[in-house]
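[1] Fold the following, please.
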Amino acid sequence: MSKIDENIIQNWIVDEGIFKQKMPDQDAQFHYVIEYPQGNIMDIIQPKGKDDFVLFVCGTQVSPEHVNLMKDASMKDREKFLFELRFELNRLEPDFQLDVNNELMLSQFVLQDALYEDGLTKNELMKTIKRIFKSKLACTMVIEKIFGSPDLSGGLNTGSDDNVMFM
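    As a prediction, the model looks like this:
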């Protein structure tokens with residue numbers, strides 16, 4: 001089993017201008033926070049004891065505006081939404097986790113993909129990052145399709161560090 005060189009990953013994400021910070025993480029060999037594209041936060045993590053792959057993770061909170069739209073929707077519409085969301089995400093490569101309560105309300109989703117040492121190139125690293133982001137966009141589009149757009153008169157939360165899923 002070969003080991004992934006952390007310096008290579010760091011150099012690539014710095015070269016591409018997407019490096020945001022290195023995170024202390026006792027459960028990881030290394031953990032980087034990147035921003036791709038601007039305003040979208042994602043993590044690149046190599047778990048401890050797993051020298052041959054890195055994880056790409058993007059966790060996203062559903063915006064309060066969309067949560068309110070979901071609350072106003074019928075249970076049937078929420079069921080339809082969750083079915084369509086799962087259907088769409090199953091067509092894409094990243095793994096996903098949906099945090100859904102008993103009222104079928106989605107509060108957050110996590111998208112994740114792995115890249116193994118034998119396939120690690122700068123090109124594959126960037127393709128994986130783009131796949132995760134496009135999967136996030138797919139989630140947003142399904143929410144918009146089922147529930148529509150929230151009233152924007154109150155303004156948006158534009159802080160990128162909280163990574164709220166409101167485009």
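
[2] Hmm, residue 53 and residue 9 touching each other?
    No. Contact criterion C-beta atoms under 8 Å: residue 9 and residue 53 do not qualify, at 11.5 Å. The C-beta positions use only the backbone N, C-alpha and C, and glycine is treated the same way.

[3] Between those two, point out the one with more neighbours.
    Using other C-beta atoms under 10 Å as the criterion, residue 9 and residue 53 rank with residue 9 on top: 20 against 17.

[4] Overlap in contacts, residue 9 and residue 53.
    residue 46 (C-beta atoms under 8 Å, 6 or more residues apart in numbering).

[5] The spatially most central residue of the chain in helix, strand or coil?
    Centroid-nearest residue in the chain, with C-alpha atoms, centre = their mean: residue 58, separated by 2.5 Å. Counting by DSSP: H, G, I helix; E, B strand; the rest coil, the backbone at residue 58 sits in strand.

[6] count of residues packed around the nearest residue to residue 134 once chain neighbours are set aside?
    Leaving aside its chain neighbours, residue 134 sits nearest to residue 92 (7.4 Å; criterion: C-beta to C-beta, 6 or more residues apart in numbering). Neighbour count for residue 92, taken as other C-beta under 10 Å: 16.
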